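Engineer: based on what follows, work out the 3D shape:
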Amino acid sequence: MRDLSPEEKPKFGQMVNDLKNAVSAAMDKKRAELDEAMLNAKLLSEKVDITLDAYTPKFGSMHPLTLVQKEIEDIFIGMGYNVAEGPELESDLYNFTKANTPEGHPARDMQDTFYVDVNHLLRSQTTAIQMRVLEAEANNLPIKVICPGKVYRRDDDDATHSHQFMQCEGLVIGKNITVADLKGTLELMIREMFSKDAKIRFRPSYFPFTEPSFEVDMTCHICHGKGCSTCKGTGWIEILGSGMVHPNVLEMAGIDSKIYTGFAFGVGIERVAMLKYGITDIRDLYTNDVRFLDGFKK
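Structural biologist: Residues are numbered from 1 along each chain as shown. Purely as a prediction, here's the structure:
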């Protein structure tokens, strides 16, 4: 521009500005076209066909044993019971001796036990938790507690037996506790879990920590006592063991058996689950087959 005359310089400057503006406009237009092309390409690559079926996320479900345990806990918590737990590696003292089963007692032969050493074992019954509760709460009566947990026994695994299974035991200690209280409690539990019109019956039995002791049957929840293949035509199904707490058990825990009485019962959680859900092989509960577990989704 320095070589131009003063009259030519404004015209030349105007031409340069017009060219600059034209180039900028062309570049902006091209940039916009490229951005739009990139956006369209991205939208096309991420396109969703809204006519396709929606994808349902796969959620797990609670295990049937957990369902049964929680149902039992809910029933008894509603009746004012507490839930107690204890160690699975237990001492012989609480598993047997304090449950009125001293060394050499024939009842020990009923439970083929996994011993870790001379004095310790994998608990063979959740009665051990009851014994701990009795000792801890001897000066804080009355007691109303249920004790769910795993137990272990030397057993050959088959359709109805397992070396590891679950129990839930109940314990009530107080003044003037009778068999009638035991029966009413168990009848309520059975009716809540199986059928509102269920009945129970007691048959004499033997457990070292209760006297008298009873096996408890319930009317078949399938045929309602009329007789079917589930109850083998009898109308009754054995469901649990129970009895009045043996005076020796109370005395060993430091509780005066002349003033206080109580009852105890124990139910197999696997047995309840198998009856409740129609499971025919106990091993199905432990094989982690997703197809089996999917049947318990709510």
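Engineer: tell me, how many neighbours does residue 54 end up with?
Structural biologist: Neighbour count of residue 54, defined by other Cβ atoms under 10 Å: 5. For every residue, glycine as well, the C-beta is placed using N, CA and C.
Engineer: how close does it sit to residue 153?
Structural biologist: Using Cβ to Cβ, to the nearest Å, residue 54 is found at 49 Å from residue 153.
Engineer: kindly report the same for residue 271.
Structural biologist: Remark: distance between residue 271 and residue 153 (Cβ to Cβ) = 14 Å.
Engineer: please enumerate the strands of this structure.
Structural biologist: Using DSSP state E, the strands of the chain run over 82-83, 89-91, 114-115, 120-122, 143-152, 164-174, 200-207, 210-219, 236-245, 261-268.
Engineer: so where do the helices sit in the protein?
Structural biologist: Assigned by DSSP state H, the helices in the chain fall at 8-45, 64-77, 92-95, 127-136, 179-193, 247-252, 269-277, 290-293.
Engineer: which of these comes out lowest on mean pLDDT?
Structural biologist: Mean pLDDT is lowest for helix 290-293 among those, at a mean of 84.
Engineer: give the buried residues for that helix.
Structural biologist: residue 293 (16 or more other Cβ atoms under 10 Å).
Engineer: what does that helix contact?
Structural biologist: Contacts with helix 290-293, where a contact means Cβ atoms under 8 Å, 6 or more residues apart in numbering, come from 60-61, 63, 284.
Engineer: just give me the least confident of these.
Structural biologist: Out of the contacts of helix 290-293, that is residue 60, at 78.
Engineer: for the nearest residue in space to it that is not next to it in sequence, give its distance to residue 70.
Structural biologist: Nearest non-adjacent residue to residue 60, counting by Cβ to Cβ, 6 or more residues apart in numbering: residue 293, 7.5 Å away. Residue 293 sits 16 Å away from residue 70, going by Cβ to Cβ.
Engineer: then residue 265?
Structural biologist: From residue 265 over to residue 70 the distance is 18 Å, taken as Cβ to Cβ.
Engineer: neighbour count winner among the two?
Structural biologist: With neighbours defined as other Cβ under 10 Å, residue 265 and residue 70 compare such that residue 265 has more, 23 against 12.
Engineer: show me what contacts residue 147?
Structural biologist: Residue 147 is in contact with 83-86, 126, 129-130, 133, 167-171, counting by Cβ under 8 Å, 6+ apart.
Engineer: ChimeraX command to pick out the buried ones of those residues?
Structural biologist: Of those, the buried ones go into a single ChimeraX selection, burial set by 16+ other Cβ under 10 Å:
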select :84,86,126,129,130,133,167,168,169,170,171
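Engineer: could I get the contacts of residue 147 as CSV with distance to residue 46?
Structural biologist: Formatted as CSV, the contacts of residue 147 follow (distance: Cβ to Cβ, whole Å):
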residue, distance to residue 46
83, 52
84, 56
85, 52
86, 56
126, 57
129, 58
130, 62
133, 61
167, 55
168, 53
169, 59
170, 59
171, 63
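Engineer: which of the contacts of residue 147 sits closest to residue 221?
Structural biologist: When those are compared for distance to residue 221 (Cβ to Cβ), residue 168 wins out at 18.3 Å.
Engineer: please name the nearest non-neighbouring residue to the closest one.
Structural biologist: What sits nearest to residue 168 in space, not counting adjacent residues and going by Cβ to Cβ, 6+ apart, is residue 148, at 4.2 Å.
Engineer: just checking, that neighbour touches residue 83?
Structural biologist: Yes - here residue 148 reaches residue 83: they are 7.0 Å apart, a contact under Cβ atoms under 8 Å.
Engineer: quick check: neighbours shared by the two?
Structural biologist: With Cβ under 8 Å, 6+ apart, residue 148 and residue 83 have common neighbours residue 73.
Engineer: contacting residues for residue 190?
Structural biologist: Neighbouring residues of residue 190 by Cβ under 8 Å, 6+ apart: 198, 200, 218, 239.
Engineer: quick one: pLDDT of the residue lying closest to residue 265 once chain neighbours are set aside?
Structural biologist: Nearest-residue entry for residue 265: residue 242, 3.6 Å, with adjacent residues in sequence omitted and distances by Cβ to Cβ, 6+ apart. Model confidence at residue 242, given as pLDDT, is 97.
Engineer: what about residue 242, distance to residue 200?
Structural biologist: Applying Cβ to Cβ, the value for residue 242 to residue 200 is 10 Å.
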